[in-house]
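Peer 1: no sequence on this one, just coordinates:
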């Protein structure tokens, strides 16, 4: 991987499109093993510069707008002030909800412009995605109105106020001359983002509300700074520990191998090949990958957070903090495709602020929290992770705390030709053209198509991708007659943001696109899988024809997907059809791969 040049797969771009689809997937998947996405390293430097800007400007805003802290010469004494935590949390949230953090830039397949976010949410007539349009009054419809734009604008102003307000002395933080931002400003943000979330869950998730909203609620409500700090400890513990629990399944090792392969500073091809069982014939995750995943990943997220939450030993706490800091730095250094880098930086600060600046042995232990707030904090921290792991269809994987686990809803889109795909440009109000058009403007169509299909190959390296392509093989007459796209990249041009959650582009969003584009039956086919519930060994799927709606539902056993190779040399993985739309017949005969069929009228 060069600084200015990309590492391209060993194929003539002019001949790439004539190769059979599965041959292309094998070529691109094996190339990923050694080179990752292959993007120039200068693209990663854009994120380094952005992180520096985020960190420096955030600290400057806190220091310069809070005179009671005493200036940067006194930072050693004021970095543990509660107002510093609240302001940096508000700054991080503002950065996220503007679209400048997660799901931004070329590694999230935004090339021109580099962001979606505010460019969509400040523009009327873009698509919005309400979570319960038929149940919550005044949320029906899928078109952004001036009202939605106004609420979003107020959210930005509210966050800016929280960041810049100099502080208000309060007896809730005794002895502090800086105090906290006013309660009304914290409550008003909570009200606005919840209201926005009922109108458009995309904005709610983009603000990383699952990470910050509960903590801000406690800081706005609790009468004691001890309750505030300990509640924040419980919430960050829940994020770490919940993520650790979610990594115990079959999916996580399939995430680690391609993630490490894509890490720009790891240049050893020998090391990267060792991540796979027998490169290039068998690129399932090796024992080396399992060790990296579960020793350096799962165990760290399960053991170290427990130490931090309960330890009163300074040395043990320090070692756990160093371990968690290294964990987050490693994640940052891999530049994962959703690029949630700022969140990791804030979590590094939060860990030191909460557990070193307010140690359990000095009155900041869980046992020092008032009973009422302790119960409330535990309920808020545990409710969505428990519900989301039992019923993933009801909860995004973000509130379920399954980040990086590989167990998330996913989808693949198939367009019957580029002219069908181009209808998204012609009929939707959006700020980003389809990625193929963004890339074609820079590299030409042939190279652009290689990059687009490499994203699909990347998905096949995960468990869901093998199921998605298996289903696509049954529900298209021939894969080579379609343009196959990774759904996350389609999603980011539809609604301005994506983070690996296919709930944002399920049949509800597809129906919104259909109302605008009027695809004919068979022109757009979407295969869609849910997350795996923690207590089951199978996953539910559905197949959607944009013009018709859901045409098939069923299940497949997770092990059948994780034990298959990305290019499906043994054919589609087996699946069980549980429902078929009356009158619908899958275009391809794949009966040998259907374990059981039950058609409901």
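Peer 2: Yes, it's here. Note that this is a predicted model, so its numbers are computed, not measured. Residues are numbered from 1 along each chain as shown.

Peer 1: which residue ranges of the stretch 351-500 of the chain form strands?
Peer 2: 410-415, 483-486 (DSSP state E, counting those that start in this stretch).

Peer 1: go through the longest one and flag the buried ones.
Peer 2: Buried residues in strand 410-415, counted by 16 or more other CB atoms under 10 Å: 410, 411, 412, 413, 414, 415. Using the backbone N, CA and C atoms, a C-beta is placed for each residue, glycine as well.

Peer 1: chain center to stretch 464-480: distance?
Peer 2: The chain centroid and the centroid of stretch 464-480 are separated by 24 Å, computed with CA atoms, centre = their mean, to the nearest Å.

Peer 1: taking the mean pLDDT, what do you get for that stretch?
Peer 2: Stretch 464-480 carries an average pLDDT of 95.

Peer 1: cool, and stretch 580-587?
Peer 2: 90.

Peer 1: what do you get for stretch 43-53?
Peer 2: 94.

Peer 1: who's in contact with that stretch?
Peer 2: With contacts defined as CB atoms under 8 Å, 6 or more residues apart in numbering, stretch 43-53 is touched by 100, 104, 105, 106, 107, 264, 332, 335, 339, 341, 342, 345.

Peer 1: for residue 40, see how far away the fourth one is.
Peer 2: When you say that, I think you mean residue 106. Distance of residue 106 to residue 40, computed by CB to CB, to the nearest Å: 9 Å.

Peer 1: tell me where the model's unsure across the stretch 401-550 of the chain.
Peer 2: The stretch 401-550 of the chain contains no residues with pLDDT under 70.

Peer 1: picking up where we left off before, the strands of the stretch 351-500 of the chain into JSON lines, with extra columns for distance to residue 175?
Peer 2: Below are the strands of the stretch 351-500 of the chain laid out as JSON lines (distance: least, CB to CB, whole Å):
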{"stretch": "strand 410-415", "distance to residue 175": "50"}
{"stretch": "strand 483-486", "distance to residue 175": "53"}
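
Peer 1: quick one: closest of those to residue 527.
Peer 2: strand 410-415 (5.2 Å; CB to CB).

Peer 1: wait, which of the strands of the stretch 351-500 of the chain is closest to residue 584?
Peer 2: Distances from residue 584 to each of the strands of the stretch 351-500 of the chain were compared using CB to CB; the minimum, 16.1 Å, belongs to strand 410-415.

Peer 1: most surrounded residue in the contacts of stretch 43-53?
Peer 2: With neighbours taken as other CB atoms under 10 Å, the top of the contacts of stretch 43-53 is residue 104, carrying 27 neighbours.

Peer 1: can you tell me the SS state at the residue nearest to that residue when sequence neighbours are not counted?
Peer 2: Distance criterion CB to CB, 6 or more residues apart in numbering; nearest residue to residue 104, sequence neighbours excluded, is residue 115 at 4.8 Å. The three-state label given to residue 115 by DSSP: H, G, I helix; E, B strand; the rest coil is coil.

Peer 1: for residue 115, give me its contacts.
Peer 2: 98, 99, 100, 104, 105.

Peer 1: which one of those residues sits closest to residue 163?
Peer 2: residue 98 (12.3 Å).

Peer 1: put together JSON lines for the contacts of residue 115, with pLDDT, secondary structure and distance to residue 507 on each row.
Peer 2: Supplementary listing: these in JSON lines, determined by pLDDT from 0 to 100; DSSP: H, G, I helix; E, B strand; the rest coil; distance: CB to CB, whole Å:
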{"residue": "98", "pLDDT": "97", "secondary structure": "coil", "distance to residue 507": "29"}
{"residue": "99", "pLDDT": "96", "secondary structure": "coil", "distance to residue 507": "25"}
{"residue": "100", "pLDDT": "96", "secondary structure": "coil", "distance to residue 507": "30"}
{"residue": "104", "pLDDT": "94", "secondary structure": "coil", "distance to residue 507": "27"}
{"residue": "105", "pLDDT": "92", "secondary structure": "coil", "distance to residue 507": "29"}
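
Peer 1: longest helix in the protein, by residue count?
Peer 2: helix 41-65 (DSSP state H).

Peer 1: how about the contacts made by the most centrally placed residue in the chain?
Peer 2: Centroid-nearest residue in the chain: residue 499, 2.9 Å away (criterion: CA atoms, centre = their mean). Contact analysis of residue 499 by CB under 8 Å, 6+ apart lists 102, 103, 205, 206, 338, 340, 398.

Peer 1: buried only: go through those residues for me.
Peer 2: Among these, the ones that count as buried (16+ other CB under 10 Å) are 102, 103, 205, 206, 338, 340, 398.

Peer 1: closest to residue 315 out of those?
Peer 2: Nearest to residue 315 out of those is residue 340 (CB to CB; 31.0 Å).

Peer 1: I'd like to know how far the nearest residue to that closest one once chain neighbours are set aside sits from residue 331.
Peer 2: Distance criterion CB to CB, 6+ apart; nearest residue to residue 340, sequence neighbours excluded, is residue 102 at 4.5 Å. Separation of residue 102 from residue 331 (CB to CB) stands at 12 Å.
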